[in-house]
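*Asks:* Quick one, structure for this:
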Amino acid sequence: MHIQQLYDEQFIVKYFKQRVLSLYPDFNNIKKVKINGIKNNIWENSYHVVVEYDVYFTTADQKIKRLPLFCSAHSHEPRRNIYAALCFLWDKSFARGNLTIPHPLFYSQRFRGVFYRGLKGKNLFHFIKAQDIDEVRHLLRLAARWFAKLHQLPTAGAKNFNRKNSLIATTIPGSQHWLKKIQDRYPASYADTYNIFARLNQAEKTQLASLCRRYLIHGDAHPENVIRISKNKIGLIDFTDMCLADFARDLGTFLQQLEYMAGKFIAAQNIINEFKQIFLNEYIKAAKIKLTADLQQRIATYYYWTALRTAVYLLVSQHPEPEQATILINKIKTELSV
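*Replies:* Predicted coordinates for the structure are as follows:
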């Protein structure tokens, strides 16, 4: 399969000389490329890969400059939308300052993939695992400001970069797809899962009907996508799900994923609650808005929707964990009184 060429150094050096070198006028050649497969799902007739390239450029005076380039490619899901989303943000000067994004380079129809200059650093989840409490607090404040910066961006000229991701009901892979899998594999969990989904889906419909506008959202807000570049500089990665929706979705998703991921490594629930409060308070401050009862309810809708998605993943993934899924589903049922 031609996707294997993305892992062939000889091919990549030649390919980057054709497609990338002209984008960097300060460089006159590419000396070598080191290839690191981050996600390497290649099947007989489909693929989903993310590949990192350490590209060693040479200047006119033969100095070496290394840049991290990446490719995200998928045989059956859109990746052109990532390129379009990053280009939109780049054109709006979103990359300036200490809250930044990857630099889009080009889209390849051949590989159905987007190529971009990535962000080098450790993600927020790394510091959570290391239980570096002070650094997590610091990065949460920066992350909150990043989301506020995105949500305040004018949407004029913005496409709905991933339309399916704009609604709970249609978010890839889609409720019909995973509900059917759960019904077939775990029939005892089906009714609870369906009832929770129906409750949250209706809540979103009601809330969106009263919302005066849609906002650009990241769509996949969680600690692994927050990259610490330097002490006071962060960026976010993975713009596959960027779309026009309720900004509360990013908040609810991030808060739930923060709680879920931190809970694996930090035993003290009061510390996890503090993390969530730091993020939300900093967002409200940076966005210059009030935490109204309406906004709290919208955040809760997406918080529980993200928890449900986590439970679904634990049921239908390649390595299912039905006991953990059941614990999470029961927690959602109790808190929502479903």
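*Asks:* can you give me the strands in the stretch 151-300 of the chain?
*Replies:* Taking DSSP state E, counting those that start in this stretch as the criterion, the stretch 151-300 of the chain contains strands spanning 215-217, 226-230, 233-236, 243-245.
*Asks:* Figure out which of those strands is closest to Ala267.
*Replies:* Closest to Ala267 of those, according to C-beta to C-beta: strand 226-230, at 22.6 Å. To be clear about C-beta, it is placed using only N, CA and C from the backbone, and glycine gets the same treatment.
*Asks:* in that closest one, what's buried?
*Replies:* Burial within strand 226-230, assessed by neighbour count using 16 or more other C-beta atoms under 10 Å, is assigned to 226-228.
*Asks:* and that strand, what does it pack onto?
*Replies:* Taking 3 or more C-beta pairs under 8 Å, 6 or more residues apart in numbering; DSSP states H and E as the contact definition, the neighbouring helices and strands of strand 226-230 are strand 122-123, helix 124-129, helix 133-151, strand 233-236.
*Asks:* lowest average confidence, helix or strand, in the chain?
*Replies:* Counting by mean pLDDT, DSSP states H and E, the chain has its least confident helix or strand at helix 175-185, which shows a mean of 92.
*Asks:* can you give me the helices in the chain?
*Replies:* 9-19, 80-91, 124-129, 133-151, 175-185, 187-209, 248-262, 269-287, 293-316, 322-336 (DSSP state H).
*Asks:* how big is the angle separating the last one from helix 293-316?
*Replies:* For helix 322-336 against helix 293-316, the angle between stretch directions is 160 degrees (axes from the mean of the first three to the mean of the last three C-alpha atoms, to 10 degrees).
*Asks:* likewise the second one?
*Replies:* Taking the same axes, to 10 degrees, one finds helix 80-91 and helix 293-316 inclined to each other by 140 degrees.
*Asks:* in helix 80-91, what counts as buried?
*Replies:* Neighbour counts over helix 80-91 (16+ other C-beta under 10 Å) mark 81-86, 88-90 as buried.
*Asks:* Let me know the closest of the residues you listed to Tyr116.
*Replies:* Using C-beta to C-beta, the shortest approach to Tyr116 within the buried residues of helix 80-91 belongs to Leu86, at 6.3 Å.
*Asks:* Just confirm the closest one contacts Ile101, I think it does.
*Replies:* Yes: checked against C-beta atoms under 8 Å, the pair Leu86 and Ile101 is within contact range at 6.4 Å.
*Asks:* any residues in contact with both of these two?
*Replies:* Where contact means C-beta atoms under 8 Å, 6 or more residues apart in numbering, the residues bridging Leu86 and Ile101 through contact with each are Phe239.
*Asks:* In this structure, which strand is the longest?
*Replies:* Using DSSP state E to assign secondary structure, the strand with the most residues in the chain is strand 29-42.
*Asks:* name the helices or strands packed onto that one?
*Replies:* Packing contacts for strand 29-42, counted by 3+ C-beta pairs under 8 Å, 6+ apart, involve helix 9-19, strand 47-58.
*Asks:* For that strand, which strands pair with it and how are they oriented?
*Replies:* Strand 29-42 has the following strand partners under DSSP bridges: strand 47-58 (antiparallel).
*Asks:* List the contacts of the partner strand.
*Replies:* The set of residues external to strand 47-58 that reach it, using C-beta under 8 Å, 6+ apart, is 1, 3, 6-7, 12, 16, 20-21, 24, 27-42, 64-75, 77, 113, 118.
*Asks:* can you tell me which residues contact the residue nearest the centre of the chain?
*Replies:* With distances taken as C-alpha atoms, centre = their mean, Asp220 lies nearest the centre of the chain, 3.3 Å away. Taking C-beta under 8 Å, 6+ apart as the criterion, Asp220 is in contact with 238, 240-241, 253.
*Asks:* Tabulate the residues you listed (JSON lines), appending pLDDT.
*Replies:* Converted to JSON lines, the contacts of Asp220 look like this (pLDDT from 0 to 100):
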{"residue": "Asp238", "pLDDT": "94"}
{"residue": "Thr240", "pLDDT": "92"}
{"residue": "Asp241", "pLDDT": "94"}
{"residue": "Thr253", "pLDDT": "98"}
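*Asks:* out of those, what pair is the most spread apart?
*Replies:* Of all pairs drawn from those, the greatest distance, 13.8 Å, lies between Thr240 and Thr253 (C-beta to C-beta).
*Asks:* pLDDT weak spots in the chain?
*Replies:* Flagging of the chain using pLDDT under 70 yields an empty set of residue ranges.
*Asks:* In it, which residue sits furthest out from the middle?
*Replies:* Using C-alpha atoms, centre = their mean, the residue of the chain lying farthest from its centre is Asp61. It sits 39.4 Å away.
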